[in-house]
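In: Predicted model follows, preceded by the sequence.
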Amino acid sequence: MFRLGVDPYELQRASRVIHENGHAFTIALGPWSMPREVQGRFDPKQGRLILEFRYSDDEPASKRPYIFQGIEITGGQDTRKVLKISIPVDQGKADLSAMHRKLVDALAHRREIFDPNAVTGTSHELNHDVVQEILDAANFERLARELVDARSRAGAQG
Amino acid sequence: MPRRRRTHPNYRVHKFLNHVMGVSVPAWIDPAIRATTNALLVVGATLLALLRFVDPTGQDVGPILQPILLSLNRHRLTIAFALLLLDLIGKFVLWVLRRTRRFDTGKMNAFLDDLVRILFPQPNLADHHYRATLFKVRHFWPFGSWLGAVARSGHTFTRKATILSIDANVMAHNTGFAGECWRRGEMVLSAEALPDQRHPDVSDQEREEYQEMGWMADLEYNAMSLRSRVFLAACVEVDRRNWGVLVVDSTDEATVPTPRTEKERRARAILDIAARAIAQLVS
């Protein structure tokens, strides 16, 4: 398992300036929707790379994950903040850049389904943006280290 | 997109209910009830036990005590039930008190004082006010929900009569920075100062602009004792529910947390810690 700490105040997309009717105000992710840590692990039984986001609270996961091209994004039961991302891994050599592209597509697709006119609980949008920012190519590679190691071991044995 | 003017339905009802719900119970009530019920139980049980095993007839205890003891002996079962009932009532009252007053207001005010001092390290106290307020979500069917002030920092403008509207279904019924913060579930910070309302000849346009920028309803604006220009609001969550909103406000334009600056990051970091600490204190 690889653990990646998150510095909430270094994230560019954790806050956003909104202009309404010529006036500006800032919205920022609150303490309960800001990921504190991301854990990456490879589950060889399921053949999936699992990325888990840790928060200050212990919100249960939604029972219906969002699925796009085999990638499962599980949100929180109440807030829809991203709790877990499960990515299928092809047999053979793991192509991390292809997996990352698929992940970026899945996240971009999920972003489109949010209702911009929702009255309450819009914090999951900022949370989603922050997750996208955290999961850049470099961090993704680090989080997938266990998968790469497992594949290298399998290659050496085979 | 132009904002729709925010309104506060049932404002006067909320104001009255908030006043009733906000009546503070003296701190000595809790131990007093506990001590009284316990003492009654111990003394009563001892007395009843004595009466159960001592035959009152033929006892030479004097003309005054004799009839009292006889009466106690005759009604001892009723007295035992009455004592138990009293104990249960006492415990129920304590339970209600603990539910309604789940934190020490004095300690909370002191915490808010510290928060203001940390957030504004170089205040211009001669010309400006700096304040932190803790709002609690309140409901009363069928009059909906609102945010009522329960703790406030400082020694001036500490009246806790401020109420703001919240509504999960109608966007226009979420008022103030606190209401907007509750609605979104995110921190909401001023990116520019609201128009100054402290000079005597405030124009209608300035007033409208102030209300619009602050998501303020007419009645709320009129009731404001201090019209701050900078607001920072953060939600306080307890058990994954929005318990309330923490608002820090100031009349000092220089305290605007300009977006994408160290000042904004610092303000967010302090609010983040303060909101979490408050969540611990009130849960």
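Out: Perfect, I can see it now. The structure displayed is predicted, hence computed values, not measured ones. Numbers count the residues shown, from 1 in each chain, chains lettered A, B, ... in the order given.
In: Let's verify B:D249: helix, strand, or coil?
Out: State at B:D249, reduced to three classes by DSSP: H, G, I helix; E, B strand; the rest coil: strand.
In: got it, and B:C235?
Out: strand.
In: Same check on A:L103?
Out: Assigned by three-state DSSP, the conformation of A:L103 is helix.
In: which bits of the stretch 101-250 of chain B sit near chain A?
Out: B:167-171, B:174, B:183-192, B:209, B:212-213, B:234-235, B:237, B:240 (Cβ under 8 Å from any Cβ of the partner chain). From N, CA and C alone the C-beta is placed, and that goes for glycine too.
In: Filter the residues you listed down to just the ones in strands.
Out: Those of these mapping onto strands are B:M187, B:V188, B:L189, B:S190, B:A234, B:C235, B:E237, per DSSP state E.
In: Whichever of the residues of the stretch 101-250 of chain B next to chain A count as buried, I'd like them selected in PyMOL; how would that read?
Out: Only the buried entries of these go into this PyMOL selection, using 16 or more other Cβ atoms under 10 Å in any protein chain shown:
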select buried, chain B and resi 167+171+174+183+184+185+186+187+188+189+190+191+192+209+212+213+234+235+237
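In: Same list, the ones in strands among the residues of the stretch 101-250 of chain B next to chain A, but as CSV with pLDDT and distance to B:G90 please.
Out: Below are these laid out as CSV (pLDDT from 0 to 100; distance: Cβ to Cβ, whole Å):
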residue, pLDDT, distance to B:G90
B:M187, 95, 43
B:V188, 96, 44
B:L189, 96, 47
B:S190, 96, 48
B:A234, 97, 38
B:C235, 95, 36
B:E237, 93, 33
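In: May I ask which two of those residues are separated the most?
Out: B:S190 and B:E237 (22.3 Å; Cβ to Cβ).
In: give me the low-pLDDT residue ranges for the chain?
Out: I went with chain A, as the question did not name one. A:92-93, A:158 (pLDDT under 70).
In: wrong chain, I was asking about chain B
Out: In chain B, residues with pLDDT under 70: B:1-4, B:24-25, B:52-59, B:100-102.
In: Now do the SS call for A:R80.
Out: Here A:R80 is coil, with the state taken from three-state DSSP.
In: hang on, I meant A:E52
Out: With three-state DSSP as the criterion, A:E52 reads strand.
In: Is the residue lying closest to it once chain neighbours are set aside within a helix or a strand, and which one?
Out: Spatial nearest neighbour of A:E52, chain neighbours left out: A:Q39 (4.6 Å); criterion: Cβ to Cβ, 6 or more residues apart in numbering or on different chains. Using DSSP states H and E, A:Q39 maps to strand A:37-43.
In: Excluding its own residues, what touches that strand? List them.
Out: By Cβ atoms under 8 Å, 6 or more residues apart in numbering or on different chains, the surrounding residues in contact with strand A:37-43 are A:1-6, A:48-54, A:89, A:134-135, A:139, A:142-147, A:150.
In: Show the buried residues in those.
Out: Using 16+ other Cβ under 10 Å, the buried ones in the contacts of strand A:37-43 are A:2, A:4, A:6, A:48-53, A:89, A:134-135, A:139, A:143-144, A:146-147.
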